[in-house]
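A.B. asks: coords please:
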Amino acid sequence: MFGQKKDVRVIQFSGYVLTADSLMGVPFAHVTIMNRGRLATAGPDGYFSFAAVEGDTLYFTCVSYKPSVYIIPKKLETDKFSIIQLMSRSDVYLRPTYIFPWRREDFHEVFLETHPPETDMDRAKRNLDRERLAAAGAKLEPDGQEAAQQNLRNRSAQTYYYGQVAPQNIFNPLAWAQFIQAWKNGDFKKKDNDVTPPPPADPGSNPQY
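C.D. replies: I've put the predicted structure just below:
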């Protein structure tokens, strides 16, 4: 027993776990020391490094790859040993599964009621609609250029009628003609649904108060 303990030699075991077809690192591959039940995990690039003993049996596993076995040789010249372990892909083919969102008898009705999703082109056409732009423009305040032009027009009108009374619409025959025509059409008559509710009664005039 004492002689066997003297033969045990701990080494620094390291290396890379790579794919056999493209030599790319296998991320987070597991390395199990079978005879001692220890487990190590490779990094994102497939690199691993841990302490092992000469003659250990290593079991490399990773999801979607075939397991592989490597035995560390004995009587190494140094206490450091490195390898490149290749692993082959293992494709797992599952039986196809077909998922239908509707029953066959309901498909016709659902298909007719289904509306296609709105695309960027549909939203662009809606936002560039003339009526929509006009309604949005009517709510905007005038900018500096528009305010300056309006001010210049007002000053021009004041200068034009300087020293005299500006014409009023009360003396405009066209405005009178429009007023008379509207009167004949009954535009100024009170509508049936245009009833103003009476004001609330004064509490002092009610005997119950």
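A.B. asks: strands along this structure, start to end?
C.D. replies: 10-19, 30-33, 38-41, 47-53, 57-61, 68-71, 80-87 (DSSP state E).
A.B. asks: so where do the helices sit in this protein?
C.D. replies: Along the chain, counting by DSSP state H, helices occupy 2-7, 107-113, 120-127, 130-138, 144-160, 173-185.
A.B. asks: want to throw those into CSV with mean pLDDT and mean neighbour count?
C.D. replies: C-betas here are computed from N, CA, C, even on glycine. As requested, the helices of the chain are exported to CSV (pLDDT from 0 to 100; neighbours: other CB atoms under 10 Å):
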stretch, mean pLDDT, mean neighbour count
helix 2-7, 54, 7
helix 107-113, 82, 9
helix 120-127, 89, 9
helix 130-138, 86, 9
helix 144-160, 88, 10
helix 173-185, 87, 10
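A.B. asks: quick one on the thing from earlier: would CSV of the strands of the chain with mean pLDDT and distance to Pro117 be doable?
C.D. replies: As requested, these are exported to CSV (pLDDT from 0 to 100; distance: least, CB to CB, whole Å):
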stretch, mean pLDDT, distance to Pro117
strand 10-19, 93, 40
strand 30-33, 94, 44
strand 38-41, 91, 44
strand 47-53, 93, 46
strand 57-61, 94, 44
strand 68-71, 94, 48
strand 80-87, 93, 44
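A.B. asks: now those strands in a markdown table, with distance to Gly144?
C.D. replies: Compiled in a markdown table, the strands of the chain are given as follows (distance: least, CB to CB, whole Å):
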| stretch | distance to Gly144 |
| --- | --- |
| strand 10-19 | 66 |
| strand 30-33 | 71 |
| strand 38-41 | 67 |
| strand 47-53 | 65 |
| strand 57-61 | 73 |
| strand 68-71 | 76 |
| strand 80-87 | 71 |
